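# next come a sequence and a model predicted from it.
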Amino acid sequence: MDDGRAAREAKKTFLGPFAVISISYVLFTMTDGAVRMLVLMHAYARGFEAMEVATMFTLYELCGAATNLCAGVAGARFGVRQTLCAGLGLQVVGLGMLFAWDDGWSKREAIAFVTVAQAICGVAKDLTKLGGKTVTKLVTPEDKQKSLFKLVSAITGLKNSFKGVGYFIGAAMLGVSYEAALWMQIALVAAALPFAVFGLDNSLGRVAKANITMSTVFKQSYNMNILSLSRMFLFGSRDLWFEVPLPFFLRSAEGMGWPRSAVGALLAGYIIVYGQLQAWTPQLFLKPLNQNPPNKHVAVIWNVALVSVPLFLGGFIQSSAFQNHSGATTTKTVVIFVGVFVFAYLFAVNSAIHSYLVVKYADGNKVAINVGFYYMANAFGRLIGTIISGALYSYVGSTVEGFAACFWASSAFVLISAALELYIDDDAGGLWCGSIKCIGDDDLAENDVESTQP
């Protein structure tokens, strides 16, 4: 009875910080989506090529990867409040720098300057994200894995939905003015700062032991290492076609020739739908299949399903039906639209599964470090995908052939991600497909397994 009361009191202690971090996280995320869309569309309007825009985002992802390493240590040593406040403050700095982007600069000067500004925003994003992922572990009891899955999915889905809103706002506000779009984003960050400064305790997320060093970050469990590597290829598969090639293809005359507002609406719609699907993955998709909470088998089967989408889109875009019928824009639009949103659905389920597994495998005493390491791999995947996508889109044949090549590369990345998941040591519960057990012994009928600790 005393243990139960203590657990409930501990949970209450973290519910306030959970609400504070969630609000700050959501407001920040809107600016993260908006600034990415703003930079991309502003650069496109000024004649920058796909590879040049991809270069602008390289330090954003690279600094994000490095930040995840340092943020894990900083969060464990100094607490989540410090990392969250630092992230919000740096976002204001990065946004403020973009006011100085001068149309009179050469392309080389503009790329160098915007890359540095985006690097600061990349550091800000991952410092802020650390708090959102860490507090979900702290607020959930160890024996409530289904609750943990729902909580992780909910906050991640909410974040992605508001990031989608940010994409739309960034594109829409650019139609008003570049400066107005930046001021609006700074206002959103300013609204989040008071919650972080006054609503959190300095001890939240700290590790009791003080001897936390960078070497601690690389001392991960076997499952955490494999899952992180799989995550790198999973997110690389999306950014191989989504971040730069898709908006360029939709805007270009050789592609679809859409107006900026339509491109922004599609990208925003993808992120919003993806976020909502991710939030509802436990209840709508996995629970009816008796796959909640998930294990490695569930991760593999959904990853294999995902590969069908980039394979189809790559084949369709490179087919004569697409290339030889320049007037059939309705058919092309419908196929691309449906393909993008089917990918959003399958990718959302995969991402929700991964987001749950990383928190499940995390050591409760080192959760900030574990999460930081995992999202370092995530950032590296986005970096690799962004660079390769810019090169493929710019240099592989025509615009159409380059776009198709991005989907072929995406398919390969998904397959590698699925293959890596096979090596995760998490077989308990097997694989269920509704009432039928597809993998595992019949006597292991319990699907709600306890957390696997490293």
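Nice, thanks for sending it over.
# the closest residue in space to Asn290 that isn't next to it in sequence in helix, strand or coil?
Excluding its sequence neighbours, the residue lying closest to Asn290 (CB to CB, 6 or more residues apart in numbering) is Trp432, at 3.8 Å. For the C-beta atoms, the positions are set from N, CA and C on the backbone; glycine is no exception. The three-state assignment at Trp432 reads strand, by DSSP: H, G, I helix; E, B strand; the rest coil.
# what's the distance between Trp432 and Ile353?
14 Å (CB to CB, to the nearest Å).
# show me what counts as buried in the strand or helix carrying Gly275.
In this structure, Gly275 sits in helix 260-280 according to DSSP states H and E. Residues of helix 260-280 classed as buried by neighbour count (16 or more other CB atoms under 10 Å): 260, 263-280.
# list the helices and strands that helix packs on?
Helices and strands touching helix 260-280, by 3 or more CB pairs under 8 Å, 6 or more residues apart in numbering; DSSP states H and E, are helix 2-45, helix 145-176, helix 245-251, helix 329-361.
# turn the ones you listed into TSV, columns for distance to Gln220, mean neighbour count and mean pLDDT.
Output for the helices and strands packed on helix 260-280, formatted as TSV (distance: least, CB to CB, whole Å; neighbours: other CB atoms under 10 Å; pLDDT from 0 to 100):
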stretch	distance to Gln220	mean neighbour count	mean pLDDT
helix 2-45	24	19	78
helix 145-176	19	22	79
helix 245-251	33	24	94
helix 329-361	9	21	90
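# can you lay out these as JSON lines showing distance to Ala54?
Listed next are these as JSON lines, based on distance: least, CB to CB, whole Å:
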{"stretch": "helix 2-45", "distance to Ala54": "10"}
{"stretch": "helix 145-176", "distance to Ala54": "17"}
{"stretch": "helix 245-251", "distance to Ala54": "9"}
{"stretch": "helix 329-361", "distance to Ala54": "19"}
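# and Asp103, which of these is closest to it?
Of all the helices and strands packed on helix 260-280, helix 2-45 sits nearest to Asp103, with 9.7 Å by CB to CB.
# could I get the next helix or strand after that closest one in PDB with only the CA atoms?
Note on helix 2-45: by DSSP H and E, the next helix or strand toward the C-terminus is helix 50-56. Output in PDB follows, covering the C-alpha atoms of helix 50-56 (Å, rounded to 0.1, in the frame of the first residue of the first chain):
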ATOM      1  CA  ALA A  50      17.900  21.400 -54.700                       C
ATOM      2  CA  MET A  51      21.500  20.500 -53.800                       C
ATOM      3  CA  GLU A  52      22.200  24.100 -52.700                       C
ATOM      4  CA  VAL A  53      19.100  24.000 -50.500                       C
ATOM      5  CA  ALA A  54      20.000  20.600 -49.100                       C
ATOM      6  CA  THR A  55      23.400  22.100 -48.200                       C
ATOM      7  CA  MET A  56      21.700  24.800 -46.200                       C
END
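# average pLDDT across helix 50-56?
Average pLDDT, helix 50-56: 93.
# elements contacting that helix?
Here helix 50-56 touches helix 2-45, helix 107-139, helix 245-251, helix 367-395, going by 3+ CB pairs under 8 Å, 6+ apart.
# hmm, try it at 7 Å
Helices and strands touching helix 50-56, by 3 or more CB pairs under 7 Å, 6 or more residues apart in numbering; DSSP states H and E, are helix 2-45, helix 107-139, helix 367-395.
# contact partners for Val20?
With contacts defined as CB atoms under 7 Å, 6 or more residues apart in numbering, Val20 is in contact with Phe195, Gly199, Leu200.
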